[in-house]
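Chemist: Below are the sequence and a predicted model for it; my questions follow.
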Amino acid sequence: TTAQIGVTGLAVMGRNLARNFARNGYAVALHNRTAARTHDLVAEFGEEGVFVPTETAKEFVAALERPRRLVVMVKAGDPTDAVIQEFAPLLEPGDMIIDGGNAHFADTRRRERELREQGIHFVGAGVSGGEEGALRGPSIMPGGSEESYAALGPMLEKISAKAEDGAPCVTHVGPDGAGHFVKMVHNGIEYADMQLIAEAYHLLRDVAGYSPAQIADIFRTWNTGRLDSYLIEITAEVLSHVDAATGKPFVDVVQDRAEQKGTGRWTVQIALDLGVPVSGIAEAVFARAVSGHAELREASRELAGPSARPLDDAAAAAFADQVEQALYASKIVSYTQGFQQIAAGSEEYGWDIDLGAVASIWRGGCIIRAAFLDRIRAAYDTRPDLPGLLSDGDFAREIGEAQDDWRAVLVQATRQGVPAPGFSAALAYYDALRSARLPAALTQGQRDFFGAHTYRRVDREGSFHTLWGGDRSEVEA
Ligand code: NBP
């Protein structure tokens with residue numbers, strides 16, 4: 001049998017992706033560095049579809065119809081380069097290598113450029129949804145050439161998740177590294193979403209005094225409204241779970257140190273390079289870092305805290321409603337920032353990314369899937385040149401309606417000493433954008449004072465410098 005597609009790298013993601021292709025009627029060639037994984041897959045799931053197991057790179061390549069479609073699902077970084085080096089010499093012009101791993105987009109750009117010289121299409125494709133998504137339908141963010149998408153798109157559309165309106169959660173994001181860039185920002189937004197939810201939980205617990213089970217119910221209620229999303233849904237599941245060994249709430253027996261694999265950090269690093277303020281994502285990455293500083297936290301436990309007391313029952317219920325407003329408003333801001341970063345990357349690298357299409361393919365399959373994304377899609381579809389989500393009339397109105405409660409939540413958080421870095425960073429961004437005048441004028445004055453860095457005036461064109469060390473007269477620079 002010749003296979004229409006091949007998957008190399010059959011750990012949890014690759015295996016499930018291969019099964020997904022097979023279940024959708026494609027003949028799938030299989031390969032893994034360690035052949036045992038290949039044989040295990042066929043032994044366990046062989047009846048799900050047509051699999052062509054192979055052991056060597058040569059056999060694998062020979063099993064594929066031309067032009068070849070070769071999906072690489074190995075550990076990101078050096079293993080991906082090793083696999084490319086192994087297969088590229090065996091391929092012919094027109095063949096496609098699809099990297100579905102979590103590659104850094106700069107690596108994807110380099111690999112695409114190198115393979116293009118050989119006539120091979122390299123498609124860096126972000127895949128979101130974890131192992132369950134890989135099997136039942138992920139959100140897929142492919143970059144690479146138009147030509148490769150023409151050959152791959154229909155297959156990807158078939159195996160991808162479908163949004164509620166039936167639209168496949170895959171689109172050609174843009175050339176070279178565009179897909180992995182968008183996947184990176186997706187993960188950054190995921191970090192921000194998780195942090196905001198964690199803050200809401202923390203406030204409901206330590207300010208309002210609710211139990212994890214009660215908070216699970218609050219999240220379940222929220223999930224029937226505008227916050228309806230996968231992350232809110234699983235939050236309720238996690239919060240209502242009881243540890244079998246101790247009978248305690250599960251969240252109380254897990255160590256409070258959040259780990260990370262690095263895509264959130266990449267998002268912030270790249271945002272710094274691009275000069276895009278993704279403060280919500282940055283606070284989420286830093287919050288995980290703070291949680292991990294065990295010694296520092298231990299040494300700081302005796303630091304003075306506020307004397308305020310938790311709210312009484314009536315106040316707690318009202319506060320919970322306010323937290324919903326704060327969470328929603330902060331979420332609007334973190335998506336505003338994330339989409340801003342995609343727009344900036346698109347501009348910097350000439351990707352011409354359709355922001356509405358990105359929102360559309362995140363509606364299903366991926367971790368941040370939510371009803372909310374349909375609204376973002378609509379906002380960009382109505383106005384593709386939207387300067388930012390906060391410029392959309394509906395989002396502006398909603399955040400305006402939420403802002404009093406949002407501020408009230410932060411007042412309580414501050415008074416009671418509960419950290420809410422995500423909520424506060426989001427509000428600071430909102431207030432900064434709203435401000436007619438920012439203190440940046442003073443910053444410019446200081447820079448001119450100590451470094452003669454010059455400034456621009458509000459009333460005249462040109463660059464100016466004040467002779468701070470002399471008679472303080474102004475000169476044109
Ligand atoms: P891993 O990231 O754990 O990678 C294991 C696979 O890489 C195995 O097939 C292994 O072969 C292969 N491999 C390694 Br390690 N070094 C190799 C080398 N030098 N040459 C050839 N093969 C090599 O697997 P995963 O968790 O399934 O993830 C696959 C990719 O998908 C990663 O890039 C990951 O970041 C991404 N991703 C994961 C998730 C998720 O939820 N796990 C979600 C979205 C994306 P072996 O069997 O011979 O050791």
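Modeler: Nice, thanks for sending it over.
Chemist: pull the longest helix from the protein.
Modeler: Using DSSP state H to define each element, the chain has its longest helix at helix 313-349.
Chemist: okay, the closest residue in space to residue 408 that isn't next to it in sequence: pLDDT?
Modeler: Spatial nearest neighbour of residue 408, excluding adjacent residues (Cβ to Cβ, 6 or more residues apart in numbering): residue 322 at 5.4 Å. For glycine as for every other residue, the C-beta is placed from the backbone atoms N, C-alpha and C. Listed pLDDT for residue 322 reads 98.
Chemist: Kindly confirm whether my reading is correct that residue 322 touches residue 405.
Modeler: Yes: taking contacts as Cβ atoms under 8 Å, residue 322 lies within contact range of residue 405: 4.0 Å.
Chemist: give me the residue from the stretch 151-300 of the chain nearest the ligand.
Modeler: Relative to the ligand, the nearest point of the stretch 151-300 of the chain is residue 261 (7.1 Å; Cβ to the nearest ligand atom).
Chemist: hang on, I meant the stretch 301-450 of the chain
Modeler: residue 367 (9.0 Å).
Chemist: residues in contact with the residue nearest to that residue when sequence neighbours are not counted?
Modeler: Counting by Cβ to Cβ, 6+ apart, residue 190 is the residue found nearest to residue 367 once chain neighbours are left out, at 5.1 Å. By Cβ atoms under 8 Å, 6 or more residues apart in numbering, the residues touching residue 190 are 231, 264, 367-368.
Chemist: Show me what from this protein comes close to the ligand.
Modeler: Counting by Cβ under 6 Å from any ligand atom, the positions of the chain adjacent to the ligand are 9-14, 32-34, 37, 73-76, 79, 82-83, 101-102, 127, 130-131.
Chemist: From residue 62, how far off is residue 88?
Modeler: Computed as Cβ to Cβ, to the nearest Å, the residue 88 to residue 62 distance reads 15 Å.
Chemist: The residue in the chain that the ligand sits nearest to - how many residues pack around it?
Modeler: With Cβ to the nearest ligand atom, the shortest gap between the chain and the ligand falls at residue 101, namely 2.6 Å. Neighbourhood size, residue 101 [other Cβ atoms under 10 Å]: 25.
Chemist: what's the pLDDT at it?
Modeler: Model confidence at residue 101 (pLDDT) stands at 97.
Chemist: ok, now residue 235?
Modeler: So, for residue 235, pLDDT stands at 98.
Chemist: ok so it is a strand residue?
Modeler: No: Residue 235 is assigned helix when assessed by DSSP: H, G, I helix; E, B strand; the rest coil, not a strand.
Chemist: what's the burial count for it?
Modeler: By other Cβ under 10 Å, neighbour count at residue 235 equals 22.
Chemist: The residue nearest to residue 408: what's it in contact with?
Modeler: Here residue 322 is in contact with 405-406, 408-409 (criterion: Cβ under 8 Å, 6+ apart).
Chemist: likewise residue 398?
Modeler: 328-329, 332.
Chemist: do that again at 7 Å, thanks
Modeler: By Cβ atoms under 7 Å, 6 or more residues apart in numbering, the contact list for residue 398 reads residue 332.
Chemist: how far away is residue 128 from residue 266?
Modeler: As judged by Cβ to Cβ, residue 128 and residue 266 stand 15 Å apart.
Chemist: Please disregard the earlier target; I meant residue 29.
Modeler: 32 Å.
Chemist: Give me the more crowded residue out of those two.
Modeler: Neighbour count, other Cβ under 10 Å: between residue 29 and residue 266, residue 29 has more, with 30 against 21.
Chemist: what about the residue of the stretch 151-300 of the chain closest to the ligand, neighbour count?
Modeler: Based on other Cβ under 10 Å, the number of other residues close to residue 261 is 10.
Chemist: Quick check: phi and psi on it?
Modeler: The phi and psi values for residue 261, taken as degrees, to the nearest 10, are phi -100, psi -20.
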